[in-house]
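Visitor: how would this look folded up:
(chains A and B)
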Amino acid sequence: MNLRWATFAIAGLFLGFLILFEILPGIFLGITALTNKAGFTLEHLQEATKPLFLRALNNSVWLSLQSALEGALLGTLTAGALWSSRNARVKSFVTALSGVSANFAGVPLAFAFVVMLGASGVLNYIFTSSNLPTIDIYRRENLHWIYLYFQWPLMTALMLPAFGAIDKSWLEAARGMGASSVLFWWRVGIPVLLPTLLGSSVLLFANSFGAYATVYALSQGSINLLPTQIGFQVSGQVGYDPGAAAALSLVMAAVLLACLALYRGSRSWAERLQSRGRA
Amino acid sequence: MNVGSVNIGSMLRRGILGALLLYLLTPIALTLVYSFAKNWSTLLPDGYTLEAWGKLFGDPIFWQSTGRSLIMAASAVALSIFFLVPTLFAITLYAPKLASLLEFFSLWPFVFPGVILAVGLIQIFSNPPLAISGTPWLLIPAVTVVVMPFAYRAVSNAFESINVRELAEAGRSLGSSDLQILAWVIFPSVLPGVLSGGVLALSAAFGEFSLAQLIVGSAWQTLPYYQYLTNSQDGHRSAAISVLAFGIAWGLGTLALQLGRGSRTVTAV
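Guide: Residues are numbered from 1 along each chain as shown, chains lettered A, B, ... in the order given. Modelled structure (predicted):
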């Protein structure tokens, strides 16, 4: 058997598989969103602009912005703390835990937050007895507390390699020449980190924008966000409307495509910066 | 040296690392306690019991759902690796120009994540001749598509870390066939990276809920869907599943770290 043709045969099968299960669904969404029985139509896209759906889009954008900003700020500080820490065991434990938690979402996470912050959650009991305001985890405004659980460690994991590009001896050299730490971070640290910081923040935004499992597990779709509306339109006990689902899906895909473009842009910016640093 | 600022720095460092650990571990710790608690409406539970865990492990539906999750995740990862290793080998050695095509396929799921992939798949596969919506025959390919970018990054990093072309040239000049080179040289050197990425993808596939809920729902119930149904019936049993899920994710994550020691971190894009 000729190895070249055997591997090409498997690659060909792979191509067929990807076209059928990955690419075609995307193309079908476009077709469903833009046609009805009579042919081309904009009615589904028009439907996607009705107030309920616009509120869902608006809610999703704000939730994603908030959770991306919180995650980016805390994650960057955490990565910096890990970078400057000399305790190897703490470093490797926090890094491993971040890797696991960044991917820990969905039903198990939603329920863990219900245990803490549900109607009879123990943290809410503590808040009540110490006269602090309670947090109702079923409300949309409080969803960002759950999203922070995976966004913070995700940002930490994304920023660690960028901090790794800053040599600690630079900081010592700068201090030796009388520069303050603040000046060092302002003139050297932040410019080196900036492309990765921006790119990773965009990634966090996208991560929250497309997230469905956690919010569905929490509220069965009663929290009005773009992903829950899309799921509702295809599996909904109330309204079944594939045309609207497809149109809303296109809106989501367009936002995520913009995120991907920004992220790729930030990557090549970071690479250019690195090659200039080496020269 | 400014001693004062060093102390402030180390305090800030401890503070932020401690805050992260607190934020990540408190929900798991409290959920663990809740799974053993009898009735918990004040600061401390009224008492402790193994009832929730006993009910969970005594429920045949739980074992069936766990088995299905395992079958689903293992099939999706096996399928990814079966496709990716020969494809990357063929591209690296015979058709380097096609690498950007594979890159394109690995980025597509970023723009079409689980929830909208499911919408498209349901529309295509609900009508004859391909009416497989509602069955694992559609769920497994769908999960494969979603975890493929993880597996792709890991496998392609493993291929990049060795020089396949040079190794192949050396092997050929010593009279080996390409098959021998693949089996005895390339495969053993990419194996750690492939296994490490495979375990990460396994962890992601095992917890997959969006696709399971939208494509099959209760028709072919996996573990996250079982927990979703348990939420409203028995909170303590649901808490036990949350703890179990975290334990599995932690175990698989640690295993992936061990397997991939020395290889680079893997992200999906």
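Visitor: what residue in chain A comes nearest to chain B?
Guide: residue A:25 (2.7 Å; Cβ to the nearest Cβ). Yep, even glycine has a C-beta here, placed from its N, CA and C like the rest.
Visitor: who's in contact with that residue?
Guide: Contacts here follow Cβ atoms under 8 Å, 6 or more residues apart in numbering or on different chains; on that basis residue A:25 touches B:112, B:117, B:119, B:120, B:121, B:123, B:124.
Visitor: let me know the secondary structure of the second one.
Guide: For residue B:117, the secondary-structure state derived from DSSP: H, G, I helix; E, B strand; the rest coil is helix.
Visitor: pLDDT below threshold where in the stretch 101-250 of chain A?
Guide: A:236-239 (pLDDT under 70).
Visitor: re earlier: which helix or strand contains the residue of chain A closest to chain B?
Guide: helix A:24-34 (DSSP states H and E).
Visitor: quick one, helices of the stretch 1-150 of chain A?
Guide: A:3-18, A:24-34, A:43-47, A:51-84, A:88-102, A:107-117, A:122-129, A:143-164 (DSSP state H, counting those that start in this stretch).
Visitor: would you pull up the residue in chain B closest to chain A?
Guide: Chain A sits closest to residue B:120 of chain B, with a gap of 2.7 Å, by Cβ to the nearest Cβ.
Visitor: for stretch B:186-200, which positions count as buried?
Guide: B:186, B:189, B:190, B:192, B:193, B:194, B:195, B:196, B:197, B:198, B:199, B:200 (16 or more other Cβ atoms under 10 Å in any protein chain shown).
Visitor: among those residues, which are in helices?
Guide: Counting by DSSP state H, the buried residues of stretch B:186-200 place B:189, B:190, B:192, B:193, B:194, B:195, B:196, B:197, B:198, B:199, B:200 in helices.
Visitor: so what's the fourth one up against?
Guide: Contacts were defined as Cβ under 8 Å, 6+ apart; by that measure residue B:193 touches B:154, B:155, B:157, B:158, B:161, B:260, B:263.
Visitor: min pLDDT across the residues you listed, which one?
Guide: Taking pLDDT as the measure, the contacts of residue B:193 have their low point at residue B:263 (48).
Visitor: quick check: closest non-adjacent residue to residue A:154.
Guide: In this structure, residue A:154 finds its nearest non-sequential neighbour in residue A:102, 3.9 Å apart by Cβ to Cβ, 6 or more residues apart in numbering or on different chains.
Visitor: pLDDT check: weakest of the contacts of residue A:25?
Guide: residue B:123 (88).
Visitor: isn't it up against residue A:242?
Guide: Yes - Residue B:123 is within contact range of residue A:242, at 6.1 Å (criterion: Cβ atoms under 8 Å).
Visitor: overlap in contacts of those two?
Guide: residue A:32.
Visitor: filter the contacts of residue A:25 down to the ones in strands?
Guide: Assignment to strands by DSSP state E places none of the contacts of residue A:25 there.
Visitor: would TSV of these with neighbour count be doable?
Guide: Shown next, in TSV, are those (neighbours: other Cβ atoms under 10 Å in any protein chain shown):
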residue	neighbour count
B:112	25
B:117	26
B:119	26
B:120	27
B:121	27
B:123	20
B:124	19
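Visitor: element containing the residue sitting nearest the centre point of chain A?
Guide: Geometric centre of chain A, nearest residue: residue A:207, 1.8 Å, by Cα atoms, centre = their mean. Element membership for residue A:207, per DSSP H and E: helix A:190-209.
Visitor: between that helix and helix A:51-84, how big is the angle?
Guide: 140 degrees (axes from the mean of the first three to the mean of the last three Cα atoms, to 10 degrees).
Visitor: is chain B within reach of helix A:190-209?
Guide: Yes - Helix A:190-209 lies within reach of chain B by Cβ under 8 Å from any Cβ of the partner chain, at A:203, A:206.
Visitor: buried residues, that helix. List them.
Guide: A:192-193, A:195-209.
Visitor: what sits closest to residue A:59 if chain neighbours are left out?
Guide: Per Cβ to Cβ, 6+ apart, closest to residue A:59 is residue A:225, 5.4 Å.
Visitor: let me know how buried the one you found is, in neighbour terms.
Guide: By the measure other Cβ atoms under 10 Å in any protein chain shown, the count of residues near residue A:225 is 28.
Visitor: and for residue B:26?
Guide: Around residue B:26 there are 13 other residues, counting by other Cβ under 10 Å.
Visitor: what does stretch B:237-254 contact?
Guide: With Cβ under 8 Å, 6+ apart as the criterion, stretch B:237-254 contacts A:96, A:99-100, A:103-104, A:107-109, A:111-112, A:115, B:28, B:31-32, B:34-35, B:52-53, B:55-56, B:199-200, B:202-203, B:206-207, B:223-224, B:226-227, B:230-231.
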